[in-house]
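In: I'd like to go over a predicted model; first the sequence, then the structure.
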Amino acid sequence: MTSRAPVVVGISGASGAPIALRVLERLDDLQIPVHLIVTPGAQRTIAQEIGPEALDLIRSLAHRIHPPEDVGASVASGSFATAGMIVVPCSMHSLAAIATGLTHNLLVRAADVHLKERRRLVLLPREAPLHLGHLRNLCRTAELGAVILPPVPAFYHRPQSLAEVIDGIAARAIDLLGLAIAPLTRPWNPDEAPS
């Protein structure tokens, strides 16, 4: 096992399970240990969007798996050092709980710890369209210090497949943790734009 500080990955029940899988694959490629929290809603979404065997694959990419009801787990304490946390996807339920500090499960508690300890917390909120309550919760979490990354694809690099779109979003989420590695996201280069 690597000596790098771990990243906490929370997967909630919103649509976007393929992005969560790709985040985990990229972190594994980078040999960054992952502490994983998968909510019951996420388990259902993973099965629907990727397949019934996908939860085992997702779990195999984690160094440590924490049950969402275990609010006494290591990642629930600020004394447990991490390199940051990504919630991918972030349901509106989880977003509302993070925004208001209602730490009813480990995913929300770990996110709350990252905010209070001033560690990087990247949220990939997945809902459309958004009503005013959603927008206010997004603003509130940003004011608390979270980085809000809606899983919106970039098209300037002309992705040729859905897999490339997913990979671009996952890479951006990891880049936003500010880890001491080369950026995974291909940067905008105006010289590559067609004339």
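Out: Thanks, I have the structure now. Because the structure is predicted, anything quoted here is derived from the model rather than measured. Residues are numbered from 1 along each chain as shown.
In: ok, which stretches of the protein are strands?
Out: Assigned by DSSP state E, the chain shows strands spanning 7-11, 34-38, 64-66, 84-90, 121-125, 147-148.
In: contacts for the first one, please.
Out: Around strand 7-11, the neighbours that count as contacts under Cβ atoms under 8 Å, 6 or more residues apart in numbering are 17, 20, 23-24, 27, 32-39, 42, 46, 58, 62, 75, 82-90, 94, 107, 110-111, 114, 177. In this view, the C-beta of every residue, glycine as well, is placed from N, C-alpha and C.
In: show me what stretch 42-62 is in contact with.
Out: Contacts of stretch 42-62 (Cβ under 8 Å, 6+ apart): 9, 11-18, 20-21, 24-25, 27-28, 34-36, 38, 65.
In: first to last residue in that stretch, what's the distance?
Out: End-to-end distance for stretch 42-62, by Cα to Cα, to the nearest Å: 16 Å.
In: now do it: distance to the chain's middle.
Out: Distance, stretch centre to chain centre, for stretch 42-62: 15 Å (Cα atoms, centre = their mean, to the nearest Å).
In: which of the residues in it are buried?
Out: 42-43, 45-46, 49-50, 54-55, 58, 61-62 (16 or more other Cβ atoms under 10 Å).
In: pLDDT below threshold where in this protein?
Out: 1-3, 180-182, 193-195 (pLDDT under 70).
In: where do the helices of it begin and end?
Out: Shown for the chain, the helices assigned by DSSP state H span residues 17-29, 40-49, 54-60, 92-100, 106-116, 132-144, 162-175.
In: against which helices or strands is the last one packed?
Out: Put plainly, it is helix 162-175. When contacts are defined as 3 or more Cβ pairs under 8 Å, 6 or more residues apart in numbering; DSSP states H and E, helix 162-175 sits against helix 17-29, strand 84-90, strand 121-125.
In: most tightly packed of the helices of the chain?
Out: helix 106-116 (a mean of 23; mean count of other Cβ atoms under 10 Å).
In: next, the angle from that one to helix 132-144.
Out: Here helix 106-116 points in a direction 50 degrees away from that of helix 132-144 (axes from the mean of the first three to the mean of the last three Cα atoms, to 10 degrees).
In: which residues does helix 106-116 contact?
Out: Under Cβ under 8 Å, 6+ apart, the answer for helix 106-116 is 8, 10, 12, 37, 39, 66-71, 73, 75-78, 80, 82, 84-85, 87, 94, 97-98, 101-103, 119-121, 123, 144-146.
In: just the buried residues of the residues you listed.
Out: 8, 10, 12, 37, 39, 66, 68, 71, 73, 75-76, 80, 82, 84-85, 87, 94, 97-98, 103, 119-121, 123, 144, 146.
In: so how far is stretch 36-52 from its chain's centroid?
Out: Taking Cα atoms, centre = their mean, the mean C-alpha location of stretch 36-52 is offset from the chain mean by 14 Å.
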